[in-house]
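*Asks:* quick one, what's the 3D model for this:
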Amino acid sequence: MQYNKVEISGVNTNELKTLKESEKLELLKKAHSGDKKAREELINGNLRLVLSVLQKFVSRSDSPDDLFQVGVVGLIKAIDNFDTSLDVKFSTYAVPMIAGELRRFLRDFQPMRVSRSLRDLAYKAMQAKEQLICENQKEPTVEQIADTITEKPSQVVIALEAITDPVSLYEPVYSDNGDALYVLDQVSDSCDDKSWLEELSLKQAMSELQPRERNILFLRFFKGQTQVEVAKNIGISQAQVSRLEKGALEHIKKSI
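*Replies:* Residues are numbered from 1 along each chain as shown. From the prediction side, this is the model:
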């Protein structure tokens, strides 16, 4: 993760150490037994993990330092609640805990207003999600979260989406050899291509008409005037209006 400075929240990122999985497990057991030194060593040995999760959230805040500190809070919660008896890597459990803490922080300070009821429901859903992850060591479904908090799945989805930060259409989702694929590229257009092609054809056909013919069609179909009213406005007979209108419509039909 690159910042304009090597130091974040007083921590030199170049000097962060990493722990082996066996070392993490041993330190976790000691920390759960009340060894504060082991707990501190475990926190310091997983700060790179916090930085890796932070990459997905740093663009949503002006303060990487604040996000880093919040991420560390999530790391500490993961350390205190991880079950060492399960055959699961610590990082598998810690990453969603850190991400959840960051999402809560960004939700509480987001510029868009969300109703209190939706925020409370989203908070309950996120708590239930973390609880289910802790119990089952895997991502729960929306239905499982809804059952846990006795809400409809649709309401859970609406609440969680309400506190999710909007994504720019120009947010890159994939990059290969410098050719980026953006969110915009994956947004479908429900409009029928045939409709706008017909509109272009109609405009082209209209441009080929004589000015008086275009004026007659404008008054008849855009202004809603009768042939008698049109004849009076442009100073010709109703029969001439009828003939010119019919000829113009025939030309347009042939053109498109």
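
*Asks:* and residue 85, how far from residue 97?
*Replies:* 18 Å (Cβ to Cβ, to the nearest Å). From N, CA and C alone the C-beta is placed, and that goes for glycine too.

*Asks:* of these two, who's got more company?
*Replies:* Neighbour tally, residue 85 and residue 97, criterion other Cβ atoms under 10 Å: the higher count belongs to residue 97, 24 against 7.

*Asks:* got a pLDDT number for the more buried one?
*Replies:* Listed pLDDT for residue 97 reads 88.

*Asks:* what sits up against the helix or strand hosting residue 233?
*Replies:* Using DSSP states H and E, residue 233 maps to helix 227-234. By Cβ atoms under 8 Å, 6 or more residues apart in numbering, the list of residues contacting helix 227-234 from outside reads 212, 215-216, 219-220, 225, 237-238, 240-242, 245.

*Asks:* tell me which helix or strand comes right after that helix.
*Replies:* Assigned by DSSP H and E, the successor of helix 227-234 is helix 238-255.

*Asks:* could you say what helices and strands that next one packs with?
*Replies:* helix 193-207, helix 211-217, helix 227-234 (3 or more Cβ pairs under 8 Å, 6 or more residues apart in numbering; DSSP states H and E).

*Asks:* turn these into JSON lines, including mean pLDDT.
*Replies:* Shown next, in JSON lines, are these (pLDDT from 0 to 100):
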{"stretch": "helix 193-207", "mean pLDDT": "69"}
{"stretch": "helix 211-217", "mean pLDDT": "89"}
{"stretch": "helix 227-234", "mean pLDDT": "88"}
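
*Asks:* wait, residue 139 touches residue 133, no?
*Replies:* Yes - using Cβ atoms under 8 Å, residue 139 makes contact with residue 133 at a distance of 6.7 Å.

*Asks:* what is in contact with those two at once?
*Replies:* With contacts defined as Cβ under 8 Å, 6+ apart, the residues shared by residue 139 and residue 133 are residue 96.

*Asks:* compare the two (neighbour count), which wins?
*Replies:* residue 133 (18 against 10).

*Asks:* helices or strands up against the helix or strand that contains that one?
*Replies:* Element membership for residue 133, per DSSP H and E: helix 116-136. Helices and strands touching helix 116-136, as assessed by 3+ Cβ pairs under 8 Å, 6+ apart, comprise helix 90-108, helix 142-148, helix 153-162.

*Asks:* make a markdown table from those helices and add distance to residue 204 to it.
*Replies:* Formatted as a markdown table, those follow (distance: least, Cβ to Cβ, whole Å):
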| stretch | distance to residue 204 |
| --- | --- |
| helix 90-108 | 51 |
| helix 142-148 | 50 |
| helix 153-162 | 43 |
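
*Asks:* make sure residue 34 is indeed in a helix.
*Replies:* No - applying DSSP: H, G, I helix; E, B strand; the rest coil, one finds residue 34 to be coil, outside a helix.

*Asks:* any idea of the pLDDT on it?
*Replies:* Looking at residue 34, the pLDDT reads 90.

*Asks:* one more: the one 4 residues further on?
*Replies:* The predicted structure scores residue 38 at 89 on the pLDDT scale.

*Asks:* got it, and residue 9?
*Replies:* pLDDT for residue 9: 49.

*Asks:* could you do residue 244 as well?
*Replies:* Reading off the confidence values, residue 244 has pLDDT 91.

*Asks:* residue contacts, the closest residue to residue 57 other than its chain neighbours?
*Replies:* Once flanking residues are discounted, residue 57 sits nearest to residue 102: 4.9 Å by Cβ to Cβ, 6 or more residues apart in numbering. Neighbour list for residue 102: 53-54, 57, 67, 70-71, 74 [criterion: Cβ under 8 Å, 6+ apart].

*Asks:* just among these, which is most surrounded?
*Replies:* Neighbour counts for these, by other Cβ under 10 Å, peak at residue 71, which reaches 26 neighbours.
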